[in-house]
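K.L.:
structure, please.
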Amino acid sequence: MAEQARTNIPEVRVATVKPGGAIMKVSLPATTTAFEAANIFARTSGYIEKRHVDIGDRVKKGDLLAEITAPELDQQIAQAQATLAQDQAALQQAQASRELAEVTNSRDSNLVKQGWLTAQQGDNDRLTLRAQQGAVGVAQSNITAQEAQIRVLQQEKSYQRVVAPFDGVVTQRNVDNGSLVSAGSTFMFTLMHSDVIRTQVFVPQDEAFGVGPGVDADIRVPEIPGRTFAGKVTRIATALQPGSRTLLTEIDVPNPDGLLSPGIYCTVELSIPRRTASTTIPSDALVFDQSGLHVAVVRNGTVHFQQVSISRDFGTTVEVRDGVQPGDQVVLNPAVNLAEGCKVTVRKTETG
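P.N.:
The predicted structure follows:
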């Protein structure tokens, strides 16, 4: 009878639950962008006298991209300078009149005191002096205003030389020699700095905790097989986007050989430090029925069903957050008639 009882105890295969590693590898789709990009507009109106660059040209900061000619601006500067000369002459005239009024007032004031001149004459001299002093102030203000206007025109003239704001590559050109450009509205060039590529990836909420500056990242491009571009997370948005529950993450990747281009599709593998404990079990150990998702754990020869929640699915294995502990033995491909509290014998232990 004892032999018969032993033969009625089912024999099961089990796997040992493994602890999750300290680093979580996450692979996500991403897009590359230029580290710096600028659309360059005309800052003054005129005609393109000479275009010095074209699409694909590499430039350094301060390099001349194009020259704009505007003869009417030169005439405005000449007119403003002539007006300034007139204002300066008017100031000299006002200063001379003020000096004459000072001398007259000083001389006549003594004569008024002695009775040789009337008080009315003394008032006229005093008020004339005050008026001439005000005229000098007005002339000085006119000169200051005109000098400011000349500086504005000269600054506008400096915009006739369109220069590169940073080192980069010309990726778009919308003007040619002779093109008419208008200040603030004519889009001339697009310049991108691609020696460093900025890679943008949206990390889902369940994987975003632990992402921060300094996290290692490997970037792979399908069209460049066998090549991995190493980088690090340099900045994160901190706040998740409400619509997608994802965290915008940027990775700066050195690109000295220029293999990476802005705007390409790539995959990013992040090595994220794990914030919460997790365990790994084989997918064959999962049971899904009307009670939900659970696994059969063998403890001291007895089966106990434990509910689990999956955090990540790797295909043959899954990562679970709770329900089991590292070292637990879970039944692989449990039979349909296997119930809570059943006695079993372990046939073979496999690694999960």
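K.L.:
what sits against residue 317?
P.N.:
280-283, 352 (C-beta atoms under 8 Å, 6 or more residues apart in numbering). Using the backbone N, CA and C atoms, a C-beta is placed for each residue, glycine as well.
K.L.:
ok, residue 301 next?
P.N.:
Residue 301 neighbours (C-beta under 8 Å, 6+ apart): 343-346.
K.L.:
if you set the cut-off to 10 Å instead, what comes out?
P.N.:
9, 342-346 (C-beta atoms under 10 Å, 6 or more residues apart in numbering).
K.L.:
and the residues you listed, which two are furthest apart?
P.N.:
342 and 346 (12.9 Å; C-beta to C-beta).
K.L.:
surely residue 34 touches residue 253?
P.N.:
No. The pair formed by residue 34 and residue 253 falls short of the contact definition of C-beta atoms under 10 Å, at 11.6 Å.
K.L.:
picking that back up, who wins for most neighbours among the contacts of residue 317?
P.N.:
The most crowded member of the contacts of residue 317, judged by other C-beta atoms under 10 Å, is residue 281 (25 neighbours).
K.L.:
which SSE is immediately downstream of the host helix or strand of that residue?
P.N.:
Take DSSP states H and E as the rule and residue 281 turns out to sit in strand 279-282. Next helix or strand after strand 279-282 toward the C-terminus (DSSP H and E): strand 286-289.
K.L.:
might one say that residue 45 is in contact with residue 76?
P.N.:
No. In this structure, residue 45 is not within contact of residue 76 by C-beta under 10 Å, at 11.7 Å.
K.L.:
name whatever forms a beta bridge with residue 270.
P.N.:
Applying DSSP bridges to residue 270 yields these beta-bridge partners: residue 26, residue 217.
K.L.:
what residues are up against it?
P.N.:
Counting by C-beta under 10 Å, 6+ apart, residue 270 has contacts 23-28, 30, 201, 203, 207, 210-211, 215-218, 233, 249, 251.
K.L.:
state the pLDDT value of it.
P.N.:
According to the prediction, residue 270 has pLDDT 92.
K.L.:
tell me how far it lies from residue 249.
P.N.:
8 Å (C-beta to C-beta, to the nearest Å).
K.L.:
shared neighbours of these two, which are they?
P.N.:
With C-beta under 10 Å, 6+ apart, residue 270 and residue 249 have common neighbours 28, 30, 201, 203, 211, 215, 217, 233.
K.L.:
buried residues in the helix or strand hosting the last one?
P.N.:
Okay, so that is residue 233. Assigned by DSSP H and E, residue 233 belongs to strand 228-236. Buried positions in strand 228-236, judged by neighbour count with 16 or more other C-beta atoms under 10 Å: 229, 231, 233-234, 236.
K.L.:
ok, those residues vs residue 260, which is closest?
P.N.:
residue 229 (6.5 Å).
K.L.:
and the closest residue to the closest one other than its chain neighbours, how many residues sit next to it?
P.N.:
Among residues not flanking residue 229 along the chain, residue 219 sits closest, at 4.2 Å (C-beta to C-beta, 6 or more residues apart in numbering). Applying other C-beta under 10 Å, we find 22 residues neighbouring residue 219.
K.L.:
and residue 219, how far from residue 228?
P.N.:
7 Å.
K.L.:
shared neighbours of these two, anything?
P.N.:
residue 269.
K.L.:
domain ranges for the protein, per the record?
P.N.:
2-20+277-351, 24-35+194-273, 40-71+160-189, 73-157 (automatic domain parsing).
K.L.:
tell me, which of these is the model least confident about?
P.N.:
Among these, domain 2-20+277-351 scores lowest, at a mean of 81.
K.L.:
how far away from the center of its chain is that one?
P.N.:
48 Å (C-alpha atoms, centre = their mean, to the nearest Å).
K.L.:
before we move on, what about stretch 188-205?
P.N.:
With C-alpha atoms, centre = their mean, you get 8 Å for stretch 188-205.
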